[in-house]
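J.: Have a look at this prediction, sequence included:
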Amino acid sequence: MTWRNTAGRYGSLSIGLHWLMLLLIAAAYACMELRGMFPKGSDAREAMKTWHFMLGLSVLLLAVFRVGVHFMGTAPRVEPAPPRWQSRLARWMHAALYGLMIGLPLLGWLTLSAKGAPVPFFGMHLPPLVGENRSVADWAKEIHEIGATVGYVLIGLHAAAALFHHYVVRDDTLRRMLPNHV
């Protein structure tokens, strides 16, 4: 398998980035969902929050890289070609997912910055995006949380569409993104 996309298949770079992003996003969501298992102020709860921040920022970096990879290559065609409305809907879905992969981490970074809190990233502290401002922190956090909820829905729809194409339509939408497909 080649690392670059071809007309009929995603390359190993795109495939690897896709599945790595899924793992990072799932881990970021898990950190926030599981933190409630630990008492407020506990080291474990703080560790979950710190990992959430670091994983989210990792999603941001990889999403920006993925956008670059996307524009440097070609997107493989789906065989058989879907109706035009499905292609448009898929483009909108991908744009919304990229918006979340870039927007949610930026909103998280903005929230921490506006709270005056450090922005941890694997042993470093990133610079604040804004000065301390409680009202900015509050609205950024609220939008971040709403976006995260929307993310559950979009990710679920994305996965459902892939399965629909694979099992009902029986096209190669899903197979193009699976590793080691011949």
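T.: Alright, I've got the coordinates.

J.: Quick one: low-confidence residue ranges for this protein.
T.: Low-confidence segments of the chain, defined by pLDDT under 70: 181-182.

J.: Show me the strands in it, by range?
T.: Taking DSSP state E as the criterion, the chain carries its strands at 119-121, 124-126.

J.: Report the central residue of the protein.
T.: Geometric centre of the chain, nearest residue: residue 101, 3.8 Å, by CA atoms, centre = their mean.

J.: wait, what's in contact with the closest residue to that residue other than its chain neighbours?
T.: For residue 101, ignoring the flanking residues on the chain, the nearest one in space by CB to CB, 6 or more residues apart in numbering is residue 63 at 3.8 Å. Backbone N, C-alpha and C define where each C-beta goes, glycine included. Contacts for residue 63 were tallied using CB atoms under 8 Å, 6 or more residues apart in numbering; they are 21, 98, 101, 102, 105.

J.: so what's the first one up against?
T.: For residue 21, the contact set (CB under 8 Å, 6+ apart) comprises 59, 62, 63, 66, 101.

J.: Would you map the helices across the chain?
T.: 12-34, 43-72, 84-115, 134-164 (DSSP state H).

J.: Tell me the helices and strands packed up against the longest one.
T.: Packing partners of helix 84-115 (3 or more CB pairs under 8 Å, 6 or more residues apart in numbering; DSSP states H and E): helix 43-72, strand 119-121, helix 134-164.
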